[in-house]
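Trainee: What follows is a predicted structure for the sequence shown.
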Amino acid sequence: MGSQPGRDKIHGRADVPVRTLIDRNLRALRDNNPFKRHTSVADWPKPADPYEKKQHMKQICLDISQDPNVKRIIPESPITHSA
């Protein structure tokens, strides 16, 4: 979480089933940081070429965003970080 203004609120989120990540050889790690129920994604591919890595990660993210099991949630009011 950054210290810039506005970095303490989330205006939308995606609920991604763990199976969706596993199907892409990724791993879900619940960390509840910086928000309750926050989960980090681990085991991203690590090609030697940084450009190739970025392109590969972007493609995986695009694939995940198109998965019909992913739920996009826009709450009525922002989710606020409480320290």
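Mentor: It's in.
Trainee: Do a quick rundown of the strands in this structure.
Mentor: 9-10, 13-15, 27-30, 39-42, 71-73, 79-80 (DSSP state E).
Trainee: what does the model give residue 57 for pLDDT?
Mentor: In this model, residue 57 is scored at 92, pLDDT.
Trainee: so how many other residues sit close to it?
Mentor: 14 (other CB atoms under 10 Å). Every residue, glycine included, has its C-beta placed from N, CA and C.
Trainee: re the thing from before, so which of the strands of the chain comes closest to residue 21?
Mentor: strand 27-30 (5.2 Å; CB to CB).
Trainee: Flag every buried residue along the longest helix seen in the chain.
Mentor: In the chain, assigned by DSSP state H, the helix with the most residues is helix 50-66. By neighbour count with 16 or more other CB atoms under 10 Å, helix 50-66 contains the buried residues 60, 64.
Trainee: So what touches it?
Mentor: 14, 16, 20-21, 24, 26, 44-47, 70 (CB atoms under 8 Å, 6 or more residues apart in numbering).
Trainee: try 6 Å
Mentor: Contacting residues not belonging to helix 50-66 are listed as 24, 44-45, 47 [CB atoms under 6 Å, 6 or more residues apart in numbering].
Trainee: residue ranges with poor pLDDT in the protein?
Mentor: By pLDDT under 70, the weakly predicted segments of the chain are 1-7, 81-83.
Trainee: Please name the bridge partners of residue 14.
Mentor: Beta-bridge pairing of residue 14, defined through DSSP bridges, involves residue 72.
Trainee: Kindly reformat the strands of the chain as a markdown table containing mean neighbour count and distance to residue 64.
Mentor: As requested, the strands of the chain are exported to a markdown table (neighbours: other CB atoms under 10 Å; distance: least, CB to CB, whole Å):
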| stretch | mean neighbour count | distance to residue 64 |
| --- | --- | --- |
| strand 9-10 | 13 | 18 |
| strand 13-15 | 13 | 8 |
| strand 27-30 | 12 | 12 |
| strand 39-42 | 13 | 9 |
| strand 71-73 | 10 | 11 |
| strand 79-80 | 12 | 20 |
